[in-house]
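S.K.: My questions are about this predicted structure, shown below with the sequence.
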Amino acid sequence: MNVMQQALDQSDATLLRRSAHSLKASSAMLGAPRLAELCGQLDEALCEVSILTQEGIQVAEIEIEFQQVQAGLSAERQRCHSEELGESE
């Protein structure tokens, strides 16, 4: 996400597209389809246009979804850890 924001701040469409594409693949592998979809939309938009006005809005939406996925993964990790502690007692 930091690289995407940096690319947006610097109006670097190439870096933004690469970052979106990479996050799309990672999100799909982690089971975060909404985040993968948003990144895919940004990736496609940047293939067609190199103007970064609307893309800034998409990056903000991706950031929100990324934070939600990150929170969900943290909660799941905590739940698994708690279950492991309960089983070892």
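M.R.: Good, I have the coordinates. Just so it is clear, the model here is predicted, and its values are computed rather than measured. Residues are numbered from 1 along each chain as shown.
S.K.: which of the residues in the lowest-mean-pLDDT helix or strand in the chain are buried?
M.R.: Ranking every helix and strand in the chain by mean pLDDT, DSSP states H and E puts helix 53-88 at the bottom, with a mean of 82. Under the neighbour-count criterion of 16 or more other CB atoms under 10 Å, helix 53-88 has E55, Q58, V59, I62, E65, F66, V69 buried. From N, CA and C alone the C-beta is placed, and that goes for glycine too.
S.K.: Would you mind pulling up the elements that that helix packs against?
M.R.: In terms of contacts (3 or more CB pairs under 8 Å, 6 or more residues apart in numbering; DSSP states H and E), helix 53-88 is packed against helix 2-9, helix 13-30, helix 33-48.
S.K.: Please name whichever of those helices is nearest to S82.
M.R.: helix 13-30 (21.0 Å; CB to CB).
S.K.: between the closest one and helix 53-88, how many degrees?
M.R.: Per axes from the mean of the first three to the mean of the last three CA atoms, to 10 degrees, the angle that helix 13-30 makes with helix 53-88 is 30 degrees.
S.K.: could you dump helix 13-30 to CSV, C-alpha only?
M.R.: In CSV, the C-alpha atoms belonging to helix 13-30 read as follows (Å, rounded to 0.1, in the frame of the first residue of the first chain):
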residue,chain,number,x,y,z
ALA,A,13,1.4,5.4,-13.5
THR,A,14,3.8,2.5,-14.3
LEU,A,15,4.7,1.9,-10.6
LEU,A,16,1.1,2.3,-9.6
ARG,A,17,0.0,-0.3,-12.1
ARG,A,18,2.7,-2.7,-11.1
SER,A,19,1.8,-2.3,-7.5
ALA,A,20,-1.9,-2.8,-8.1
HIS,A,21,-1.2,-5.9,-10.2
SER,A,22,1.0,-7.4,-7.5
LEU,A,23,-1.5,-6.7,-4.7
LYS,A,24,-4.3,-8.1,-6.9
ALA,A,25,-2.5,-11.4,-7.2
SER,A,26,-1.6,-11.6,-3.5
SER,A,27,-5.2,-10.7,-2.5
ALA,A,28,-6.6,-13.4,-4.7
MET,A,29,-4.3,-16.0,-3.2
LEU,A,30,-5.2,-14.9,0.4
